[in-house]
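>>> quick one: sequence plus predicted model below, questions after.
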Amino acid sequence: MSNSKILANGVDVYYGSKQALFGISMDIKEKEVTALIGPSGCGKSTFLRCINRMNDLIEICKVSGSIKVDNEEIISSSTDVVSLRSKIGMVFQKPNPFPKSIFDNVAYGPTIHGLVDSKNELEEIVHSSLKKAGLFNEVKDRLNEPGTSLSGGQQQRLCIARAIAVNPEIILMDEPCSALDPIATAIIEELIDELRLNYTIVIVTHSMQQAARVSQKTSFFHLGELIETGDTKKIFTNPDNSKTQDYITGRFG
Amino acid sequence: MNNSVAKEKIVSLRKKRSLEDMRFKYYGFTAMCLSLAVLVFLLYTIFSKGYTAFQKTIVLLEVDYNQEVLKLTPDSSDEEMEKGKFFRVKKQAIENFFPDLSKSDIKLIKKLFSINLDNEIKDYFLENPEVINTKQQIWVTAHSDVDQLLKGNSRRDVPEDRRKLNDIQLSYVDQLVEENRVKQVFNNFFFTKADSRHPEIAGVAGSFMGSLFTLFTVFILSFPIAIGASVYLEEFAPKNRITELIEVNISNLAAVPSIVFGLLGLGVLLNVFGLPRSTPLVGGSVLALMTLPTIIIACRASLKAVPPSIKEGALAVGATKTQAVFHHVVPLALPGTLTGTIIGLAQALGETAPLIMIGMIAFIPNIPTGLTEPSAALPVQIYLWVESAERGFQEKSAAAIMVILIFLFMMNAIAVFLRNRFERKW
């Protein structure tokens, strides 16, 4: 059994006076893919964004409870958000490469964190990150072209390369394939399967097939509550809760 | 039966609706034609009145650079030459302008030349010192009265006492025309000289430089402040009552009449801080205050137009808030920011009232060379010339309007260019 990487305990989230998450407690294991599924507005993205404190950007959002990453509390005002985010990469729903060259997109993270001392080192990190994201062979001849000139699937892999360039331990993915065609989706899913060997991955998805294909653990959210969490196989074949059963068989959602 | 009635109704209504369409199209077309016609009329008036100002009349004058009269020798140093008695040479040249002139005629003829005659005779000599002790035929600037007469701007069929030139002077001018001793050339003075009481040597160079210095001050003061204020308000400020109040008031300030800012400049900058009057420094500061709200509003709009996903992307790889804003958001908003600034500067360029309040309406016959020297500005110069009674200034004011319009047109062209060149589509 692998170790706990992220341990959430009683996480409540409020948007103003509206409560979006109700006492979420969850144990996310190291080097596994955990999928968060559930109907729209159930709070799965909100929970994901708590893990790297992206909710800080939303002024009216208040988070309480406890999330421990490697046994360190992150829901506290003394948390160093910047280094937390360098440890936890994130890939967004819509590919959002910077309007800079492909090289600069990947190089940005290592540069601001001072991970490199020389140009050669930086080049090495950029190349290896692009390789890990399975993009290097497609773009090696045009690293100076703008990242926005790539196709949607390539852009998303560029964003993955950008995230892993700062050497994170966890990668959060917020519906990474929802804007992509099936072929690009398949490539990303394959990539996620490879990345699992080195990173802990939490992925929010609307596609239950995708959750079934890529994840080892699945958590089902409904109306801000965590209904059920467990091995993907079990959730999709023999869930304990009747709501989960209804959702995965398509009776609501 | 019922069905066919409904169909008929639909058809008749359909006709009415397309008529409405047509009518509206024609209204729009008419409105556009009207405004175009007004614009063309305006430009035509300005151009037809002003284009003559780009030409001046010059007169051929024989000058005898006699060393006795000049009190110079061929070996004189440059400094001595500067002090040569050129006014005596000029006097001689005028006396011999026509053969056998009486004293009163000489007095009248003197008024056919510009006040600048001494200088022109001197400049010619300083450029060609070898002409000493020779007679030279040189072209010199004519007086504005002659200039206006030959351009057809002043009439000769009015009674003598209501004319600038009397009958004797007129006959001399006619004689000059007959002998081909006058001609019209490009008016270099209009672009190289500052304001003057004498229309023939008045130019826009002084006020143009004044406007440039003023705009420079506006840019230096307002651009960094506007960027700072808008970045803070847009990206860092907490959203509460106070920031809301500030936002509302920025919009209000943009609508404050410019003369109020002039009063502020007069009361605070001149009287409290004792900054020098009539200078581009003060004028620019006042106009900077006036244009700041406009620029801030434009800056904030372009900052808002940057998609938040870019900032999120930067934050997600561990950039600090400042890094995310200044590495990604601000550079992307810069073209829009610059465009807004240029539009604000164009607005400042045309502003007259606040400059009058802080004394930039003074008569300044020199071209300013710094921010703290008294100077005029283009719109104020136009105002001054329009007010002048002399006929020679009327074409000058129209020509100065052309200069300011071309200036504005170029600034707007730069703004459009920047927008098209750097604007990003998301």
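Yep, that arrived.
>>> phi, psi of B:Arg197?
With angles defined as degrees, to the nearest 10, B:Arg197 sits at phi -70, psi -20.
>>> typo on my end, B:Leu275
The phi/psi pair for B:Leu275 (degrees, to the nearest 10) is phi -70, psi 160.
>>> separation between it and chain A?
Per Cβ to the nearest Cβ, to the nearest Å, B:Leu275 is found 42 Å from chain A. From N, CA and C alone the C-beta is placed, and that goes for glycine too.
>>> how much space between that residue and A:Glu32?
From B:Leu275 over to A:Glu32 the distance is 70 Å, taken as Cβ to Cβ, to the nearest Å.
>>> repeat that for B:Leu263.
For B:Leu263 relative to A:Glu32 (Cβ to Cβ), the value is 71 Å.
>>> what helix or strand is the residue nearest the centre of chain A on?
Nearest residue to the geometric centre of chain A (Cα atoms, centre = their mean): A:Leu172, 1.5 Å. Assigning secondary structure by DSSP states H and E places A:Leu172 in strand A:170-174.
>>> tell me the contacts of the closest residue to chain B within the stretch 151-253 of chain A?
Using Cβ to the nearest Cβ, the single residue of the stretch 151-253 of chain A nearest to chain B is A:Val166, 5.6 Å away. Contact analysis of A:Val166 by Cβ atoms under 8 Å, 6 or more residues apart in numbering or on different chains lists A:Ser86, A:Gly89, A:Gly109, A:Pro110, A:His113, A:Leu115, B:Val317, B:Gly318.
>>> save these as TSV, and put in pLDDT, distance to B:Phe29 and secondary structure too.
Output for the contacts of A:Val166, formatted as TSV (pLDDT from 0 to 100; distance: Cβ to Cβ, whole Å; DSSP: H, G, I helix; E, B strand; the rest coil):
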residue	pLDDT	distance to B:Phe29	secondary structure
A:Ser86	89	61	helix
A:Gly89	93	58	strand
A:Gly109	92	56	helix
A:Pro110	93	60	helix
A:His113	90	61	coil
A:Leu115	84	64	coil
B:Val317	91	54	coil
B:Gly318	89	58	coil
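>>> drop anything exposed from those.
Using 16 or more other Cβ atoms under 10 Å in any protein chain shown as the burial test, those include A:Ser86, A:Gly89, A:Gly109, A:Pro110, A:His113, B:Val317, B:Gly318 as buried.
>>> so where's the chain shaky on pLDDT?
Since you didn't name a chain, this refers to chain A. A:1-2, A:253 (pLDDT under 70).
>>> other chain: chain B
B:1, B:424-426.
>>> interface residues of it facing chain A?
When proximity is defined by Cβ under 8 Å from any Cβ of the partner chain, chain B lies next to chain A at B:238-239, B:307-310, B:312-320, B:323, B:327-328, B:332, B:424.
>>> for the residue of the stretch 151-300 of chain B found nearest chain A, which three-state class applies?
Nearest residue of the stretch 151-300 of chain B to chain A: B:Lys239, at 5.8 Å (Cβ to the nearest Cβ). Applying DSSP: H, G, I helix; E, B strand; the rest coil to B:Lys239 yields a three-state assignment of coil.
>>> so it makes contact with A:Glu59?
Yes: B:Lys239 lies in contact with A:Glu59 (Cβ atoms under 8 Å); the separation is 5.8 Å.
>>> next secondary structure after the top helix by length along chain B?
Secondary structure of chain B per DSSP state H: the longest helix is helix B:2-50. Using DSSP H and E, the next helix or strand after helix B:2-50 towards the C-terminus is strand B:55-64.
>>> what residues sit buried inside that following strand?
Result for strand B:55-64 [16+ other Cβ under 10 Å]: buried residues B:Gln55, B:Lys56, B:Thr57, B:Ile58, B:Val59, B:Leu61, B:Val63.
>>> and if you look at stretch A:69-76?
A:Val69, A:Ile74, A:Ile75.
>>> thinking again about what came up before, which two of the contacts of A:Val166 have the greatest separation?
Spanning the widest gap among the contacts of A:Val166 are A:Gly89 and A:Leu115, at 13.6 Å by Cβ to Cβ.
>>> if we ignore the residues flanking it in sequence, what's nearest the residue of the stretch 151-253 of chain A closest to chain B?
A:Gly109 (3.8 Å; Cβ to Cβ, 6 or more residues apart in numbering or on different chains).
>>> by proximity to chain A, which residue of the stretch 1-150 of chain B wins?
Going by Cβ to the nearest Cβ, chain A is nearest to B:Met32 of the stretch 1-150 of chain B, at 37.5 Å.
>>> that residue: how many residues sit nearby?
Other residues near B:Met32 come to 10 when the count uses other Cβ atoms under 10 Å in any protein chain shown.
>>> distance check, it against B:Val38.
Applying Cβ to Cβ to B:Met32 and B:Val38 gives a distance of 11 Å.
>>> how about B:Leu233, what does it touch?
Contacts of B:Leu233 (Cβ under 8 Å, 6+ apart): B:Thr243, B:Ile246, B:Glu247, B:Ile296, B:Arg300.
>>> host element of the last one?
This means B:Arg300. Using DSSP H and E, B:Arg300 sits within helix B:280-304.
>>> so what secondary structure elements neighbour the next helix or strand after that helix?
Counting by DSSP H and E, the element after helix B:280-304 in chain order, helix or strand, is helix B:308-316. Under the contact criterion of 3 or more Cβ pairs under 8 Å, 6 or more residues apart in numbering or on different chains; DSSP states H and E, helix B:308-316 touches helix A:152-164, helix B:321-324.
>>> quick one: which of those helices is nearest B:Glu390?
helix B:321-324 (59.8 Å).
>>> in the closest one, what's buried?
Neighbour counts over helix B:321-324 (16+ other Cβ under 10 Å) mark B:Lys321, B:Gln323, B:Ala324 as buried.
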